[in-house]
Every structure is written in structure tokens, then in C-alpha cells.
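> Here you go, sequence then predicted model.
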Amino acid sequence: MPAPEAEVFARLSALAAIDSPEARSTKTIVETFTGKPLGTVPVGTADDVTAAFDRARAAQARWAARSAKERAAVLERYRELVIEHREFLMDVVQAETGKARWAAQEEILGLMFAARYFAKAAPGLLEPRSVPGAFPVLNRASVHTQPKGVVGVIAPWNYPMLLSIGDSIPALLAGNAVVVKPDSQTPFSSLASAELLYQAGLPRDLLAVVTGPGTVVGTAIVDACDYLMFTGSSATGRSLAEQCGRRLIGFSAELGGKNPMIVTKGAKLDKAAKAAVRACFSNAGQLCISIERLYVERSVATEFTEKFIAAVHAAKLGAAYNYSADIGSLISEAQLETVTKHVADATSKGAKVLAGGKARPDLGPLFFEPTVLAEVTDEMECGRDETFGPLVSIYPVDTVDEAVQLANDTEYGLNASVWAASKSDGEQIARQLHAGTVCVDEGYAPAWGTTSAPMGGMGISGVGRRHGPDGLLKFTEPQTVVVTRFMNLDAPPVISQDKWQRLLMTLARSFRFLPGR
């Protein structure tokens, strides 16, 4: 299948243009598979961010005045447009990231799931709710939600459509405006999806996509937003959290992961081995929730390893705008350099290459074979540090308890996978793992796709949660309104202050028998 036509990206370049009388610096975006130019986008400035926030604040007040059901109707129309234009959207994602088409479809599915869940859930979650007042009958209490205002979204390059517009969906449904900074390598993915939101009826000023470097555009967004959503490295997350802390604004982040998979005796090894290829090498391993560590009970380690290596060798590495390739390209020279360095460091210190281990320039400038290492130790860079590439280490263990202990022996805590003799055994192991999501008998996709449940990291893998009620309500400010009826707390004229205070204490002690107390 040929690459997307050049005029497609010319149209997207026009969408990225920022209205300005002065000459603009531009950045050329390249097709990852080949390194050929796709189109250009403007290099945004701090003034562009300021202008976007000014327009967004004006639009946000009108948007928040609409009912949650009206806002949800826009997102439902957007979901239908995503389905209608899914082939085009996958073309754009593949061109910018170099991932295999099935991995590009994960982004489309993620957008569909997010729009569906939040459109259905938002009206109920945002509805005012009654709570017990301090003094029953005398007080009537209710909790309301107000939008934060303008939310900043700083999105990564690895899942550029889902982690920009997908994270904007709940913020918009909560009544906010959004300003997005896509990664400089993948702006067209955000622009293409944002255009469908506009077509669905979202006011254009309510969602702005500002392209440009993080040091300029990202910093300006952090300085202006009322809440920040970030996906990226733990190191950058720390820095952004400090900046948000100085401004006392809310912050949510999904950060890095060094995610484990546990395989025990009695597990279905054929299925586990095949699924592990997807779990380890989706988007060439450039996925925060992909697996980088495999702990296999020793009694089945040899058999599992043989099946896994055979499945890795069977996976097709290549560039294709169809489903003929199983694993795609890395996105940049920097990623290729990191993977190459980690493999070289590990092998120089005694690790053994069981599969892969080499760059594949014959397939394209940034391809690297899916690589499996054995005898990896903590002294090796890939032992404890996140590689974020097609590299996984396999470790035999004597017991399940040892596997759990090693899986938890990390600063990270984003995702994990468990394959055991039974579902109940898998769930029991899963609950012992220090990870925000755990998949039993799968790698990562079912946990990610369960948008009704919270998704995020423990340890240095994140702050806050996306998905589920928390994924919407974090973009709101809760407000308590208490109405006092009949009389206030001043002592009535006919009762002394001493008697009145004793009466209040007697009433308060009796409240323990009431529901909700």
C-alpha cells in the first residue's frame, strides 16, 4: 500500500498555520519509514500560546454554560467521524510514527472508547449530588462540579493522536477549553483528529493545537493553564510537577515504565508466548505500558523461551500501510541510538542475545530487530532503566514469590502482565504487584481499553489517573453548597449559651445512628 498522498499533508499543514502578519519559521515533518518530507508546520511562540489561551478562555465560558448532555452529543458525533475516517487517521499516525498498522489502529480504538465512555458517563458524573448536612433537617448539602478553566495537554510522540485528543475529550466534557502541544515530531496526528472534533460541532477556539518546541510552547502552556495533563518521561514529569506546584495548579501525568510479565507453571505457554510478542514489541516497544521484563518459573522457562523466541522470529518487521507487518520502525535517531547502546552495553557485560540485536537499515533508516536478552543484570543499563524500544530481558525464577518480589523491585509501577495456571491464580498474583494496571492472560490492551476504570502509575510512573470517573472529575473543582433552613447556629433567645452548646453536643452524639455518618 502506498504512503498517504502529499496533498493530504499539505492540507494538514494549512490547518497548523497560525494567523500572523509576520513571517513564520517552519519545521518539516518527515515520514518515519523513509525520512522523506511530509509537510511543514509553524514553529509556535509564547505569544501564540497567549493568543490561544485568550481565545480559549472566552470560548470556555460559553461552552461551560451548555448542559453536559449537549457537550456529550458533540463527542458522540466525533466518535462517528473517527470511525468514518479511520483509514485516513491510521495513515497519518503511521506516516509520523512508523508503527505497524495494527498498532495505529490501537489509537483509533482508544479514541472511540474514550469518546463513548465519557460521553455516556459525563452527564451523571457532573450531576449535583446530595450529601448529609452537618445537622440533618437544619442543613441541606449538595456537591457540585465546576470546570477548571483552560486545560493544557502536553502530548508525546509514541501515541500522538490518542494521548493528545484522547486526553482532551474528558477535559472538554467537563466544561473546559484545551490547549494542546503535540510533540514536534508528530503534529499532524493531533491536527487531523482535532479537525474531526471541529466538524462534530466543537467551537474552534475551544481547542487549540499549538505546534512548536517544548522549551517555548510547553513552558508557556504550563505558565498559563489551570490544569496540566502530561504524558512522557518520569524526568520531564518531575520538572513539570515542580512548575505546577509553584503555581498551585493541578497536575496529572502518565510517565515511564519498566513493566514486568510473570509466567508460571501451568500457564498456556503457546498463548503466552504469542501474546508476549505484542506486549513487548507494540510500536517497536515504544509504549509506556509495554513489557520489558519477563519472569518465568524455572520449570517452564526453557519451553516458554523456545516458544517465545520462535514467535519473535516469526514476527515480520517492515514498513507497510496495511496489516502485512507485525512490527514497525523506531521514530528517531535518538531512539535508535538508545536501543543500540543498551544492547551493546548489555552484551559487553555478559548478556546473551537470544533474538534480534541489530539495526536493519535495509528496511528503513530507523528499524531495529525485536531483541530478546538473557542473563541481564542490574549493572547493565537495560537492567533497571527503561529502554523504550524493541528490547526485552528474560529471567528464570524459582518461585512465584520470587517473581513477584523481582517484578516489584523497581521505582516504576505502571503496568504488568500475569500468565498462570488459572484465572484465580493470576488474579491473586496480580493483586500483589505494585502497578497501576495488571492484565491477567494478556499484555496491556484490555486494561488500557477498559475506559470505565482508572489507568495510571504508581511510584515514578505517574500522578493521578486517566479513564474512569477520576479521569473526568480531575478536570473539575468540587464545590460544596450548604443551605441552612429554619434557624442558624446562634442560640435562640430563650436558651442560654451554656444550655445551647450542651444541646448541640447531644444532637451531634446522636448522629452516629444516622445513615452516612
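Nice, thanks for sending it over.

> mind listing the strands for the stretch 301-450 of the chain?
Under the criterion DSSP state E, counting those that start in this stretch, the stretch 301-450 of the chain carries strands at the ranges 352-355, 371-374, 391-397, 415-419, 437-440.

> Any chance of TSV for the ones you listed, columns mean pLDDT, mean neighbour count and distance to R66?
Quick note: C-beta positions are derived from backbone N, CA and C, even for glycine. As requested, the strands of the stretch 301-450 of the chain are exported to TSV (pLDDT from 0 to 100; neighbours: other CB atoms under 10 Å; distance: least, CB to CB, whole Å):
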stretch	mean pLDDT	mean neighbour count	distance to R66
strand 352-355	98	16	54
strand 371-374	98	23	51
strand 391-397	98	23	47
strand 415-419	98	30	36
strand 437-440	98	24	33
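
> Would you mind telling me which of those strands is nearest P213?
Taking CB to CB, strand 391-397 is the member of the strands of the stretch 301-450 of the chain nearest to P213, at 28.4 Å.

> what comes into contact with that closest one?
Identification of contacts with strand 391-397 by CB atoms under 8 Å, 6 or more residues apart in numbering yields 276, 280-281, 285, 291-298, 301, 305, 308, 339, 342-343, 346, 351, 354, 371-374, 376, 382-383, 403, 406.

> For the stretch 301-450 of the chain, which segments count as helices?
333-348, 381-384, 400-408, 423-430, 445-449 (DSSP state H, counting those that start in this stretch).

> ditto for the stretch 51-200 of the chain
Going by DSSP H, counting those that start in this stretch, the stretch 51-200 of the chain shows helices at 68-84, 86-97, 101-125, 165-173, 187-199.

> W63 - how many residues pack around it?
21 (other CB atoms under 10 Å).

> Who's the closest spatial neighbour of it, skipping the chain neighbours?
Using CB to CB, 6 or more residues apart in numbering and skipping residues adjacent in sequence, the residue nearest W63 is L206, 5.4 Å away.

> what's the neighbour count on the one you found?
23.

> So it is in contact with R66, correct?
No: the pair L206 / R66 is not scored as a contact, 10.7 Å apart, by CB atoms under 8 Å.

> Could you dump the strands of the stretch 301-450 of the chain into TSV with distance to P213 added?
What follows is those, written out as TSV (distance: least, CB to CB, whole Å):
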stretch	distance to P213
strand 352-355	37
strand 371-374	32
strand 391-397	28
strand 415-419	30
strand 437-440	32
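
> D326 is nearest to which of the ones you listed?
Of all these, strand 352-355 comes closest under CB to CB, at 13.6 Å.

> Check which helices and strands the closest one sits against.
helix 298-314, strand 371-374 (3 or more CB pairs under 8 Å, 6 or more residues apart in numbering; DSSP states H and E).

> Need the ones you listed in TSV (columns: distance to Y444).
Putting these into TSV (distance: least, CB to CB, whole Å) gives the following:
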stretch	distance to Y444
helix 298-314	17
strand 371-374	18
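
> Of those, flag the one that's most buried.
Of the helices and strands packed on strand 352-355, the one with the most neighbours on average (mean count of other CB atoms under 10 Å) is strand 371-374, at a mean of 23.

> quick one: contacts for the nearest residue to E333 once chain neighbours are set aside?
Excluding the flanking residues, the one nearest E333 by CB to CB, 6+ apart is L366, at 7.1 Å. Taking CB under 8 Å, 6+ apart as the criterion, L366 is in contact with 32, 98, 329-333, 335-336.

> Spit out the contact partners of R204.
Y198.

> what's the spacing between it and R246?
Shown here: R204 relative to R246, a distance of 32 Å by CB to CB, to the nearest Å.

> and V481, how many neighbours?
The number of residues near V481, taken as other CB under 10 Å, comes to 10.

> what's the angle between the one helix or strand it maps to and helix 101-125?
Element membership for V481, per DSSP states H and E: strand 476-484. Interaxial angle of strand 476-484 relative to helix 101-125 (axes from the mean of the first three to the mean of the last three CA atoms, to 10 degrees): 10 degrees.

> Centre of the chain to the helix or strand just after strand 476-484, how far?
Per DSSP H and E, the first helix or strand lying C-terminal to strand 476-484 is helix 497-510. Between the centre of helix 497-510 and the centre of its chain there are 51 Å (CA atoms, centre = their mean, to the nearest Å).

> Give me the contact list for helix 497-510.
135, 489, 491-492, 495.

> Likewise for stretch 27-42?
For stretch 27-42, using CB under 8 Å, 6+ apart, the contacting residues are 3, 6, 9-10, 12-13, 16-18, 24-26, 43, 48, 94-98, 184-188, 191, 211-212, 319, 328-331, 364-366.
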